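Trainee: Okay, structure incoming, though there's no sequence with it:
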């Protein structure tokens, strides 16, 4: 890793580990809530298909949950090894909040996880449903504390600085419910739900393509399409509110996201695409729509947005990264809305389970939630630079006395171990997803003659599949 200093390597190491970690909580938050809904639907309707789908996804959830716990532990050690100054200065504020997350969320999840996974036959339906609800609630509480911690780093509030330069809490309410927290929490939870819906929809579509009569696959695909058409438009609205909040508290981040180096008076264009150049201080080959930037960010046609040149050069985030990750996130968000609308149209026409191209598109979009989460996280964190605590503590001042060789070696070890461990785990999850939950009968293997003895409708579907081959 020659050519990088210790600070750059420490940042690369944390970026790698947090990127590997965040995809698992994003999935487990949505999946825990999905399991609760399935369990509740079974309790209310008595339909066995809901509990079969529940059993299918609870196995996957247990693996995802374990991988999230393991990948999260590694990050906490880096605060002491690579970022001791940050840990010392922010410890009085962030330390208790991380402790509250463990006590109020992780213990709740871990305490009821075993009952949810193994206890339905032992504790009865009512208590099993309660345990599932507690696991889902625990994941949401965990997300609340973690997002609050990160939001405080973005928009610090409710603190004072003591004689030794530490941030100390003055008002815990203001610390926890800092200015960006509500917007970022809603945005993150909706992202987790979308991520899960896309995976569930992709898996359901995969099995529908192989067997249109698979009742479990129909439930998965139908529920996923309902979630997409409901949540994806809400996420765009939540993102708009989050953008207005960011413009108020972190205007340099917005300028980098939008690719604006100059301040436009009397109306700011929206740059759809271009090539930001931080050295030259311009976005080359910009494709612009006049006034639309002002309309989106200020809700007026003549609103002014500060360009990056309005800020000191050493306080500007790197637009060359943030500009593109923001567009990846937004582009995927609109693609999700499009998939949801396509699903709603197919449902209205009564062809939801027969729309083969829709199902292929759902499979293609299955991983897109993870990509959007990563793109959004990079936008948030890189856009905060050069600060760890925005406007108060620089990233360069947060690291300890590090040796580049030591950090580089540990980074290589992390990469090798992560790809081996989590690559194996991901492969195992994909293997689990490839197995249909079904109803104990592989209908598609029966062929036209034996299928005819089931029901005329199912026989017709299977005969159609055989003819298509």
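Mentor: Sure, I can see it. Not measured: the values here are computed from a predicted model.

Trainee: Break down the protein into its strands, ranges please.
Mentor: Secondary structure of the chain (DSSP state E): strands at 159-161, 167-169, 270-277, 282-289, 387-389, 393-394.

Trainee: same for the third one, what does it pack against?
Mentor: In other words, strand 270-277. On a contact count with 3 or more CB pairs under 8 Å, 6 or more residues apart in numbering; DSSP states H and E, strand 270-277 meets helix 251-258, strand 282-289, helix 292-298, helix 319-349. All C-beta spots, glycine's among them, are computed from the backbone N, C-alpha and C.

Trainee: could you redo the ones you listed as JSON lines and give each row mean neighbour count and distance to residue 6?
Mentor: Converted to JSON lines, these look like this (neighbours: other CB atoms under 10 Å; distance: least, CB to CB, whole Å):
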{"stretch": "helix 251-258", "mean neighbour count": "25", "distance to residue 6": "25"}
{"stretch": "strand 282-289", "mean neighbour count": "14", "distance to residue 6": "32"}
{"stretch": "helix 292-298", "mean neighbour count": "19", "distance to residue 6": "38"}
{"stretch": "helix 319-349", "mean neighbour count": "18", "distance to residue 6": "21"}
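
Trainee: Can you tell me which of the ones you listed is nearest to residue 42?
Mentor: Residue 42 lies closest, by CB to CB, to one member of the helices and strands packed on strand 270-277: helix 319-349, at 22.4 Å.

Trainee: Distance from the chain centre to that closest one, please.
Mentor: Computed by CA atoms, centre = their mean, to the nearest Å, the separation of helix 319-349 from the middle of its chain amounts to 14 Å.

Trainee: re the thing from before, dump the helices and strands packed on strand 270-277 into JSON lines; add mean pLDDT and distance to residue 120 as well.
Mentor: Listed next are the helices and strands packed on strand 270-277 as JSON lines, based on pLDDT from 0 to 100; distance: least, CB to CB, whole Å:
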{"stretch": "helix 251-258", "mean pLDDT": "91", "distance to residue 120": "47"}
{"stretch": "strand 282-289", "mean pLDDT": "87", "distance to residue 120": "55"}
{"stretch": "helix 292-298", "mean pLDDT": "84", "distance to residue 120": "48"}
{"stretch": "helix 319-349", "mean pLDDT": "93", "distance to residue 120": "31"}
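
Trainee: nearest to residue 267, of those?
Mentor: The nearest among those, by CB to CB, is helix 292-298 at 5.1 Å.

Trainee: Show me how far whichever helix in the chain runs longest is from its chain's centre.
Mentor: Identified as the longest helix of the chain according to DSSP state H is helix 6-45. Distance, stretch centre to chain centre, for helix 6-45: 7 Å (CA atoms, centre = their mean).

Trainee: ok so, going back, now tabulate the helices and strands packed on strand 270-277 in JSON lines and tack on distance to residue 99.
Mentor: Below are those laid out as JSON lines (distance: least, CB to CB, whole Å):
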{"stretch": "helix 251-258", "distance to residue 99": "29"}
{"stretch": "strand 282-289", "distance to residue 99": "44"}
{"stretch": "helix 292-298", "distance to residue 99": "37"}
{"stretch": "helix 319-349", "distance to residue 99": "31"}
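
Trainee: out of the ones you listed, nearest to residue 69?
Mentor: Closest among the helices and strands packed on strand 270-277, using CB to CB: helix 319-349, at 26.3 Å.

Trainee: Now do the contacts for residue 238.
Mentor: With contacts defined as CB atoms under 8 Å, 6 or more residues apart in numbering, residue 238 is in contact with 183, 186, 187, 190.

Trainee: Let me know the closest of the residues you listed to residue 33.
Mentor: Checking the contacts of residue 238 against residue 33 with CB to CB, the nearest one is residue 190 at 11.5 Å.

Trainee: Can you pull out the low-pLDDT segments for the stretch 301-450 of the chain?
Mentor: Counting by pLDDT under 70, the stretch 301-450 of the chain contains low-confidence residues at 438-450.

Trainee: Kindly recompute the last result at 80.
Mentor: 302-303, 402, 437-450 (pLDDT under 80).

Trainee: so which of the helices and strands packed on strand 270-277 gets nearest residue 137?
Mentor: The nearest among the helices and strands packed on strand 270-277, by CB to CB, is helix 319-349 at 25.7 Å.

Trainee: quick one, that closest one and strand 270-277 angle?
Mentor: Computed with axes from the mean of the first three to the mean of the last three CA atoms, to 10 degrees, the direction of helix 319-349 lies at 140 degrees from that of strand 270-277.

Trainee: for helix 319-349, packing partners?
Mentor: Using 3+ CB pairs under 8 Å, 6+ apart: helix 319-349 touches helix 215-249, helix 251-258, strand 270-277, helix 356-365, helix 368-384.

Trainee: go with 10 Å
Mentor: Contacting helix 319-349 under the criterion 3 or more CB pairs under 10 Å, 6 or more residues apart in numbering; DSSP states H and E are the following elements: helix 181-210, helix 215-249, helix 251-258, strand 270-277, strand 282-289, helix 356-365, helix 368-384.

Trainee: Turn those into TSV, including distance to residue 306.
Mentor: Formatted as TSV, those follow (distance: least, CB to CB, whole Å):
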stretch	distance to residue 306
helix 181-210	20
helix 215-249	9
helix 251-258	5
strand 270-277	15
strand 282-289	15
helix 356-365	36
helix 368-384	14
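
Trainee: Grab the nearest non-local neighbour of residue 56.
Mentor: In this structure, residue 56 finds its nearest non-sequential neighbour in residue 437, 3.7 Å apart by CB to CB, 6 or more residues apart in numbering.

Trainee: re the thing from before, residues of the longest helix of the chain that come out buried?
Mentor: Neighbour counts over helix 6-45 (16 or more other CB atoms under 10 Å) mark 6-7, 9-14, 17-36, 38-39, 41-42 as buried.

Trainee: how about the nearest residue to the most centrally placed residue in the chain, chain neighbours excluded?
Mentor: The centre of the chain sits closest to residue 373, judged by CA atoms, centre = their mean, with a distance of 3.7 Å. Sequence neighbours aside, residue 26 is the residue nearest to residue 373 in space, at 4.8 Å (criterion: CB to CB, 6+ apart).
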